[in-house]
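**Q** can you look at this prediction? I've put the sequence above it.
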Amino acid sequence: MDTAEAFYLAAFWDLTTDRFYECGAIPHSVMKKYCKDMGFDFVITNVFITIIKALDKVYLDWIQAEREKAQPKKDAIRTHKQAE
């Protein structure tokens, strides 16, 4: 992993803790504040936000897929308990 990739991944994991709710996207305002705190100019801010949003989409899609895989197991347990 190169330095830029490491930076963006570290920033993503820092920002992921600022979600308003578990499965929501990282708020745009949080990303903009991060950029301002880092002293990024307009161009770098836009690149940063684009990359973080892309990482966030992949992460949220993965979370959703994991939940969907787990759901049939929960439904099967619930059905089994109801049959008893």
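**A** Noted; the coordinates are in hand.
**Q** now the helices for this structure?
**A** Counting by DSSP state H, the chain has these helices, from start to end: 3-15, 28-38, 42-83.
**Q** so the longest one versus helix 28-38, what angle?
**A** Orientation note: helix 42-83 sits at an angle of 140 degrees relative to helix 28-38 (axes from the mean of the first three to the mean of the last three CA atoms, to 10 degrees).
**Q** quick one: distance of helix 42-83 to the chain centre.
**A** Per CA atoms, centre = their mean, to the nearest Å, the displacement of helix 42-83 from the mean C-alpha position of its chain is 8 Å.
**Q** nearest approach to Y21 belongs to which of the helices of the chain?
**A** Y21 sits nearest to helix 42-83 of all the helices of the chain, at 11.6 Å, using CB to CB. Using the backbone N, CA and C atoms, a C-beta is placed for each residue, glycine as well.
**Q** which neighbouring elements make contact with that closest one?
**A** helix 3-15, helix 28-38 (3 or more CB pairs under 8 Å, 6 or more residues apart in numbering; DSSP states H and E).
**Q** include mean neighbour count and distance to Q71 when you put those into JSON lines, please.
**A** Listed next are these as JSON lines, based on neighbours: other CB atoms under 10 Å; distance: least, CB to CB, whole Å:
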{"stretch": "helix 3-15", "mean neighbour count": "13", "distance to Q71": "26"}
{"stretch": "helix 28-38", "mean neighbour count": "14", "distance to Q71": "30"}
